[in-house]
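> Please work out how this folds:
(one chain, ligands or ions: 2)
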Amino acid sequence: MEWLAPAKINLALHVTGQRADGYHLLDMLVVFACDGDRIIVSPADHDSFTVSGRFAAAVPTDERNLVIRARDALRAQAPGTATPVAIHLEKNLPIAAGIGGGSSDAAATMLALNAYWQLGLSFDTLLAIGLTLGADLPMCLHGAARGTPVLARGIGEDLSHVDALPALSMLLVNDGTPLATPDVFRTLNKRDNPALEPPRLDSTDALFRYLANTRNDLLPAALTIAPHIADVLALLRDIGADHAQMSGSGATCFALFRDPQAARQAAEKLAAQKPDWFIAATMTIASDKR
Ligand SMILES: C[C@](O)(CO)[C@H](O)COP(=O)(O)OP(=O)(O)OC[C@H]1O[C@@H](n2ccc(N)nc2=O)[C@H](O)[C@@H]1O
Ligand SMILES: Nc1ncnc2c1ncn2[C@@H]1O[C@H](COP(=O)(O)OP(=O)(O)OP(=O)(O)O)[C@@H](O)[C@H]1O
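Ligands and ions are numbered 1, 2, ... in the order given. I've put the predicted structure just below:
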């Protein structure tokens with residue numbers, strides 16, 4: 001049984017407040033790529049967890065890995081029926097990169113094991129269990145299950161559908177610097193920014209006009225820790241991106257292109273300039289109602 005754990009991209013991320021427990025209130029427009037990590041679940045006589053792929057060496061393989069934590073959280077729902085299982089993670093996405101890697105892996109694991117163990121847990125139950133593993137889990141469960149764009153509010157748990165968002169040609173670019181999410185939130189010095197206007201998208205032009213008026217409020221904090229992110233964004237604009245921004249807590253930046261051919265050419269040009277970077281040309285998944 002194989003599941004895609006798609007890259008999650010925060011097209012916009014507005015920080016609007018902070019809860020008493022320290023978690024931040026966010027308004028996010030989130031899309032999912034057609035590409036990402038992969039989770040493969042197979043029968044076994046004892047539990048195992050193996051990792052392959054470009055970024056395999058950088059992930060823990062013990063209970064610090066969100067895949068193991070997701071497996072154990074699901075097994076706790078039905079200890080009698082949850083037989084031993086071999087889980088393989090193909091780690092294609094960079095680590096601590098703002099594109100949901102670990103959260104998306106955990107989400108795909110939960111969906112795979114709910115099916116494999118025939119637990120029959122409702123999606124709402126999976127969302128509630130997921131939130132105990134991380135604020136990004138609910139949106140990543142949606143991403144691994146359906147992949148359509150969402151607006152996420154609260155700390156990330158309040159999800160609503162976004163109509164009429166087309167599939168987008170996107171370049172994901174990461175220069176290899178890991179950025180720890182808690183460090184970025186800790187470095188924020190403004191937590192009461194204006195909310196995100198709900199998108200009203202009736203054309204590609206309307207989408208780009210809308211995005212030009214959105215922000216990633218984590219960017220100033222991320223730049224304090226990793227100033228070179230500004231250079232990555234400048235490079236993406238230089239190679240012809242119609243919109244460029246940082247995703248999540250960084251440091252991955254994304255570039256949107258109206259023309260898929262332009263995105264592919266930009267990827268080739270950038271890969272020649274920066275052979276060590278993670279550079280992926282992908283498409284995002286469109287809203288259902290188009
Ligand atoms: C930045 C985003 O990736 C945007 O999608 C997410 O908000 C982060 O989600 P995540 O990685 O699943 O975050 P968690 O593992 O739940 O939290 C990591 C740390 O980030 C901070 N955190 C996270 C989410 C949130 N809404 N407010 C926060 O302040 C907290 O310090 C927390 O200790
Ligand atoms: N399956 C996993 N893949 C990647 N990192 C993992 C995984 N499980 C646990 N981790 C740990 O989680 C930390 C954050 O990595 P991750 O790639 O999930 O961050 P991120 O891309 O910033 O996520 P987000 O966009 O949800 O904030 C790393 O320190 C890493 O060691």
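
> The nearest residue to A241 once chain neighbours are set aside sits in which helix or strand?
In space, A241 comes closest to A255 once its chain neighbours are excluded; the distance is 3.5 Å by C-beta to C-beta, 6 or more residues apart in numbering. Heads up, the C-betas are built off the backbone N, CA and C, glycines and all. In the assignment (DSSP states H and E), A255 maps to strand 253-257.

> can you give me the strands in the stretch 151-290 of the chain?
158-161, 169-174, 243-246, 253-257, 278-283 (DSSP state E, counting those that start in this stretch).

> Between the ones you listed, which one is closest to V184.
strand 243-246 (10.0 Å; C-beta to C-beta).

> Spatially nearest residue to the closest residue to ligand 2 within the stretch 51-200 of the chain (excluding sequence neighbours)?
Residue nearest to ligand 2 within the stretch 51-200 of the chain: G102 (2.6 Å; C-beta to the nearest ligand atom). In space, and not counting its chain neighbours, G102 is closest to L66: 4.2 Å by C-beta to C-beta, 6+ apart.

> can you check D259 too?
S169 (7.0 Å).

> Can you name the residues of the stretch 151-290 of the chain sitting close to ligand 2?
T181, G248, S249 (C-beta under 6 Å from any ligand atom).

> my read: L93 touches G102, true?
No - in this structure, L93 is not within contact of G102 by C-beta atoms under 8 Å, at 9.2 Å.

> Can you list the buried residues in the helix or strand containing D124?
Under the criterion of DSSP H and E, D124 resides in helix 123-131. Neighbour counts over helix 123-131 (16 or more other C-beta atoms under 10 Å) mark L126, L127, I129, G130, L131 as buried.

> Which helix or strand lies directly C-terminal to that helix?
helix 137-145.

> Report the distance from the lengthiest helix in the chain to the chain centre.
Criterion DSSP state H: the longest helix present in the chain is helix 101-116. Its chain's average C-alpha position is 13 Å from that of helix 101-116, according to C-alpha atoms, centre = their mean, to the nearest Å.

> can you give me the angle it makes with helix 137-145?
Counting by axes from the mean of the first three to the mean of the last three C-alpha atoms, to 10 degrees, helix 101-116 points 60 degrees away from the direction of helix 137-145.

> Touching, the residue nearest to D259 and A263? I think so.
Yes - counting by C-beta under 8 Å, S169 does reach A263; the two are 4.0 Å apart.

> what sits in contact with each of the two?
Overlap of the contact sets of S169 and A263 (by C-beta atoms under 8 Å, 6 or more residues apart in numbering) consists of F257, A281.

> Which residues of the stretch 1-150 of the chain lie near ligand 2?
59-60, 64-67, 95-103, 105, 136.

> Contacting ligand 1 as well, which ones from those residues?
Among those, ligand 1 is touched by G98, S103, D136 when using C-beta under 6 Å from any ligand atom.

> give the contact list for the last one.
If you count contacts by C-beta under 8 Å, 6+ apart, D136 has them with K8, G100, S103, S104, G156, G248.

> one more time with 10 Å, if that's ok
Counting by C-beta atoms under 10 Å, 6 or more residues apart in numbering, D136 touches 8, 10, 28, 30, 66, 98-104, 106-107, 130, 143, 152, 155-157, 181, 248-249.

> roughly how far is the strand holding A255 from the heart of the chain?
The answer for strand 253-257 is 14 Å, by C-alpha atoms, centre = their mean.

> what about that strand and ligand 1, any contact?
No - remark: strand 253-257 sits outside contact range of ligand 1, by C-beta under 6 Å from any ligand atom, the gap being at least 13.0 Å.

> Sheet-wise, list the partners of that strand with their directions.
Strands adjacent to strand 253-257 in the sheet, as given by DSSP bridges, are strand 169-174 (antiparallel), strand 243-246 (antiparallel).

> Pick the most deeply packed of the ones you listed.
Most buried of these by mean neighbour count (mean count of other C-beta atoms under 10 Å) is strand 169-174; its value is a mean of 24.

> is it true that A266 touches G240?
Yes - at 5.9 Å, A266 counts as touching G240 under the criterion of C-beta atoms under 10 Å.

> which residues are in contact with both of these two?
Common neighbours of A266 and G240 (C-beta under 10 Å, 6+ apart) are A255, F257, D259.
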